[in-house]
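> prediction below, plus the sequence it came from.
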Amino acid sequence: MKGRLKEITKSLDGKLRVTFEVETIDEVKDMDGYDLDITVKTYRHKRSLNANAYFHVLVGKIAEALRISKPRAKNILLGRYGQREMLDGKPVILSVLSQYDMQEREDLHCIAVGHAKLQGKDFTHWALIRPSHTYDTKEMALLIDGTIQEAKDLGIETMTTLEIERMKRAWKARYYSDF
């Protein structure tokens, strides 16, 4: 639910009263009288689906230029420019037998961050990366900018600087995000 903090007051018994403004009564009408589990965080605007589509186009071109699979190219780019999956403020790390190449996976996105030997077996530690469809406009801009630079370095034709700026302005206008 999207809303806005309107007021914080302290009652005579010392308890705080926090008032929020929401779009419609439908969002809260069935909550009256119940104990609630409340989480409040800053609203982040979602990014344009066009940005995600463009990222995937570039992934395909980069994979072709490097002669690697699309999942590998996507995992490499997400590892370099994407956002780590976090749990309780810490990155999620998977330890997997080294014989398994997690960068060929399409259902999980990860980047190798270390190696270890346990009971005579080699393990690779992988940091889990959030999928790009979960990124907000700022996170997607970082991913797109890095991916575009990688494509240019490989001699792959990308959108012009003007087209990229236009796309970013469209994100800003649509989602009121500040770049």
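Received the coordinates, thanks.
> could you find the closest non-adjacent residue to K152?
Using C-beta to C-beta, 6 or more residues apart in numbering and skipping residues adjacent in sequence, the residue nearest K152 is T158, 6.0 Å away. Backbone N, C-alpha and C define where each C-beta goes, glycine included.
> and M1, what pLDDT?
Reported pLDDT at M1 in the predicted model: 65.
> neighbours around D26, how many?
8 (other C-beta atoms under 10 Å).
> what are the phi and psi angles of the residue nearest to K152?
phi -120, psi 180 (degrees, to the nearest 10).
> now it: how far from I144?
Going from T158 to I144 by C-beta to C-beta, to the nearest Å gives 10 Å.
> phi, psi for R4 please.
phi -140, psi 130.
> list the contacts for it?
Applying C-beta atoms under 8 Å, 6 or more residues apart in numbering, we find R4 in contact with F20, E21.
> what about 6 Å?
E21 (C-beta atoms under 6 Å, 6 or more residues apart in numbering).
> neighbour count winner among T158 and I144?
I144 (25 against 18).
> the more buried one is in what secondary structure piece?
Assigned by DSSP states H and E, I144 belongs to helix 137-153.
> which strands and helices sit next to that helix?
helix 49-66, helix 70-81 (3 or more C-beta pairs under 6 Å, 6 or more residues apart in numbering; DSSP states H and E).
> so it versus helix 70-81, what angle?
Between helix 137-153 and helix 70-81, the angle comes out at 120 degrees (axes from the mean of the first three to the mean of the last three C-alpha atoms, to 10 degrees).
> so which bits of helix 137-153 are buried?
Applying a neighbour-count criterion of 16 or more other C-beta atoms under 10 Å, one finds T137, K138, E139, M140, A141, L143, I144, G146, T147, I148, E150, A151 buried in helix 137-153.
> measure the residue nearest the centre of the chain to G14 for me?
For the chain, Y135 is the residue whose C-alpha lies nearest the centre (C-alpha atoms, centre = their mean; 3.4 Å). Applying C-beta to C-beta, the value for Y135 to G14 is 42 Å.
> same check on K29?
Distance from K29 to G14, by C-beta to C-beta: 29 Å.
> pLDDT at the residue sitting furthest away from the middle of the chain, what is it?
Most distant from the centre of the chain: L12, at 43.3 Å, with distances by C-alpha atoms, centre = their mean. Reading off the confidence values, L12 has pLDDT 85.
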